[in-house]
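A.B. asks: no letters, just coordinates:
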């Protein structure tokens, strides 16, 4: 009977009897992965992974904290996903979501309602403003705003804050109808 | 109708006041619009008004 205590796991398949490494310890259990047992997984060896896999979609119906204002979900069948997160129409109203960002460069896609009674929406990551969009205009549902080249220097869980920052001089109020928020990694 | 509010003090779910229902309706909330039309239907005193409210409710 062949012994299966040793395998070659450095190639594309696991082969018994190659005896390149011992993968089972004295108790008959698989050894923990370490640099002694597997190939280096850094840098150029990670050829099967690219930056396009780093998309962050933030569900608006689950905010983590509110800094200012009373926010609520508006049911609106004209909207994508039939909902928007609506602020209390005061300047500086803000709401925060937590999300994990890998260090890199991102493009923001922000979907919101354009209207004559809404303000300017700012987006902050970890306290730094990364995007600003004036949502004033004739009523238009599902208005897409894009901001490219957003740099995130370090990996980790970041606070993504949506903040009403003033308004267009023609707008009648500081409303915010946030529909969707997505960051996708470009570099 | 009930709504959940996200506030600095936490999440609160409560019934809306009549004024709030009107405000939500004016902000496009589909459910609030239906509540407003239900009230219009209840208080309609002519068949024409009732029919108008029904058609609005149905979105026709």
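C.D. replies: Yep, that arrived. Just so you know, these numbers come straight off a predicted model, no measurement behind them.
A.B. asks: count the residues that sit near residue B:25.
C.D. replies: Neighbourhood size, residue B:25 [other C-beta atoms under 10 Å in any protein chain shown]: 17. Quick note: C-beta positions are derived from backbone N, CA and C, even for glycine.
A.B. asks: repeat for residue A:27
C.D. replies: By other C-beta under 10 Å, neighbour count at residue A:27 equals 5.
A.B. asks: what are the phi and psi angles of it?
C.D. replies: Taking degrees, to the nearest 10, you get phi -90, psi 0 for the backbone angles of residue A:27.
A.B. asks: what's it in contact with, if anything?
C.D. replies: Residues near residue A:27 by C-beta atoms under 8 Å, 6 or more residues apart in numbering or on different chains: none.
A.B. asks: ditto for residue A:158
C.D. replies: By C-beta under 8 Å, 6+ apart, the residues touching residue A:158 are A:98, A:99, A:100, A:101, A:125, A:126, A:152.
A.B. asks: and the next element down the chain from the one helix or strand it maps to?
C.D. replies: Element membership of residue A:158, judged by DSSP states H and E, is strand A:156-164. Proceeding N to C from strand A:156-164, the next assigned helix or strand is strand A:177-185, under DSSP H and E.
A.B. asks: return the set of buried residues in that following strand.
C.D. replies: For strand A:177-185, the neighbour count (16 or more other C-beta atoms under 10 Å in any protein chain shown) marks A:177, A:178, A:179, A:180, A:181, A:183, A:185 as buried.
A.B. asks: show me what the fifth one bridges to in the sheet.
C.D. replies: The one in question is residue A:181. Using DSSP bridges, the bridge partners assigned to residue A:181 are residue A:58, residue A:110.
A.B. asks: list the contacts for it?
C.D. replies: A:57, A:58, A:60, A:97, A:108, A:109, A:110, A:111, A:123, A:160, A:162.
A.B. asks: quick check, nearest of the residues you listed to residue B:31?
C.D. replies: The nearest member of the contacts of residue A:181 to residue B:31, counting by C-beta to C-beta, is residue A:60 at 17.5 Å.
A.B. asks: that older thread, direction included, what does the strand holding residue A:158 pair against?
C.D. replies: By DSSP bridges, strand A:156-164 pairs with strand A:94-101 (antiparallel), strand A:120-125 (antiparallel).
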